[in-house]
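Participant: Fold the following and give me the result.
(2 chains)
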Amino acid sequence: DAGVTQSPTHLIKTRGQQVTLRCSPKSGHDTVSWYQQALGQGPQFIFQYYEEEERQRGNFPDRFSGHQFPNYSSELNVNALLLGDSALYLCASRQTWGRTEAFFGQGTRLTVV
Amino acid sequence: AQKITQTQPGMFVQEKEAVTLDCTYDTSDQSYGLFWYKQPSSGEMIFLIYQGSYDEQNATEGRYSLNFQKARKSANLVISASQLGDSAMYFCAMRGAPLNTGNQFYFGTGTSLTVIP
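Facilitator: As a prediction, the model looks like this:
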């Protein structure tokens, strides 16, 4: 049973560009969340998707947007990249009902130059 | 507002010894969940253990146990019989109520654990 998979694993972008990160949740999971983890920090919540809608959002600007597809996979889009967007982006999936823990992917390391 | 505090940036433990990683939290919710995750250098967050706020017994999962003291708002992780593979970052996290409708995780800043042979 595959866990949460994210792609790509590493990415280098130029300031001002746009980026799309992808996540496939663990089998049986229908809720997907995205987190940003700056170096030396704990993950910070960006937003969460359930039933193809954004259900909850953290303190991130509108440059950060997302999407969830009917197969529960998800994308995170970041527009007008800033140097400060350089971080590890983690996708987490869970069952909406039932067990409470979330399973995380290995993350996408984004570097903005 | 929810807040997690981990005051130990780095910890060292001898192989086969036990180690306690500290975590305190702040919340006004009556119902919440406390979690510990391990993050190796590869980046993936690995779930270790969960404690519900209404659970009267401390949670245990193999070599991991959670020392839950509700009145003190602490949820310390105890790792028994440390192994070299336990060297990693450890994060304490909390989710507020209701647990089953997808509230966000709040994470601490983490503790780097190094197991010495």
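Participant: Centre of the chain to the helix or strand harbouring A:R22, how far?
Facilitator: Counting by DSSP states H and E, the secondary-structure element that holds A:R22 is strand A:19-24. Taking the mean C-alpha point of strand A:19-24 and that of its whole chain, the gap between them comes to 7 Å (C-alpha atoms, centre = their mean, to the nearest Å).
Participant: where in chain A is pLDDT low?
Facilitator: By pLDDT under 70, the low-scoring segments of chain A are A:1, A:98-99.
Participant: Enumerate the residues of it near chain B.
Facilitator: For chain A, the residues found near chain B under the criterion C-beta under 8 Å from any C-beta of the partner chain are A:31, A:33, A:35, A:40-45, A:48, A:50, A:55-56, A:58, A:88, A:90, A:92, A:94, A:96-98, A:100-107, A:109. Bear in mind the C-beta positions are built from the backbone N, C-alpha and C, glycine included.
Participant: Work out for me the element the residue nearest in space to the middle of chain A sits within.
Facilitator: For chain A, the residue lying nearest the average C-alpha position, counting by C-alpha atoms, centre = their mean, turns out to be A:W34 (3.2 Å). Secondary structure here is read from DSSP H and E; on that basis A:W34 sits in strand A:31-37.
Participant: For ChimeraX, write the select line for the buried members of the residues of chain A next to chain B.
Facilitator: Applying 16 or more other C-beta atoms under 10 Å in any protein chain shown to the residues of chain A next to chain B, the buried members can be selected in ChimeraX as follows:
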select /A:31,33,35,42,43,44,45,48,50,55,56,58,88,90,92,94,101,102,103,104,105,106,107,109
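Participant: So which of the residues of chain A next to chain B are in helices?
Facilitator: For the residues of chain A next to chain B, not one is inside helices, with DSSP state H as the criterion.
Participant: hmm, back to that, now the strand holding A:W34 against strand A:19-24, angle please.
Facilitator: 130 degrees (axes from the mean of the first three to the mean of the last three C-alpha atoms, to 10 degrees).
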